[in-house]
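Asker: Make a model of this:
(one chain, ligands or ions: 1)
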Amino acid sequence: MLGRKVPVVTFRTRVRDEAVGGSNPFRWQDVSSDNYFAGKRVVLFSLPGAFTPTCSTYQLPDFEKLTPEFRALGIDEIYCISVNDAFVMNAWGKSQGLENVKLIPDGSGEFTRKMGMLVAKDNLGFGMRSWRYAAVVNNGTVEQWFEEEGYSDNCDSDPYGVSSPQNILAALKSQKIAA
Ligand code: BEZ
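Answerer: Prediction:
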């Protein structure tokens, strides 16, 4: 993936808009991947599912807490993507009280498929989901790649370490020292 452009896709998001009225004032908003990646250096991390234990207890909250350290190392935004629809991703973000990390709903899995990271998780009743990975993406080009070992369909385990915020921060820090 190093040096490759991330796929150009349109994400179907749900945004709050008081003009909608009523007790649930949300509407659809299409957001192009360019909107997330063009002209920015970002960390993208992808995980198997919203609300799942490792993602909710460690990966997402740790990225949220460590955002200031990423910003100090020249990262403009941190994005968490999952093959879940916008309703689920919004509910997850609300439950996590996110202020820093932005969630991207890849409900149809198009982005994940085009990244080559779509795997079957039928063994868990999940259908097609993302393998766990993260990347530093600079103006749409993959600058650094952090993929968990053992990419496979219906994997018995859920490796987590390479794509942790701690590991990515360590890599960014060591590159800064070497530069
Ligand atoms: C977890 O984050 O712990 C998890 C992810 C996918 C399936 C089961 C658990």
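
Asker: Run through the residues that contact residue 15.
Answerer: By CB atoms under 8 Å, 6 or more residues apart in numbering, the contact list for residue 15 reads 26, 27, 29. Every residue, glycine included, has its C-beta placed from N, CA and C.

Asker: Let's verify residue 99: helix, strand, or coil?
Answerer: State at residue 99, reduced to three classes by DSSP: H, G, I helix; E, B strand; the rest coil: coil.

Asker: Give the buried residues for the strand or helix carrying residue 90.
Answerer: Using DSSP states H and E, residue 90 maps to helix 86-96. Neighbour-count burial for helix 86-96 flags 86, 88, 89, 90, 92, 93, 96 (criterion: 16 or more other CB atoms under 10 Å).

Asker: quick check, nearest of those to residue 129?
Answerer: residue 88 (12.2 Å; CB to CB).

Asker: Near residue 58, how many other residues are there?
Answerer: 14 (other CB atoms under 10 Å).

Asker: mind checking pLDDT for it?
Answerer: Predicted confidence (pLDDT) for residue 58: 94.

Asker: Check the contact between it and residue 164; I expect there is one.
Answerer: Yes. With contacts counted by CB atoms under 8 Å, residue 58 reaches residue 164, the gap being 7.3 Å.

Asker: sorry, back to before: relative to the ligand, which of the contacts of residue 15 is nearest.
Answerer: Nearest to the ligand among the contacts of residue 15: residue 26, at 26.5 Å, using CB to the nearest ligand atom.

Asker: Brilliant, that's me finished.
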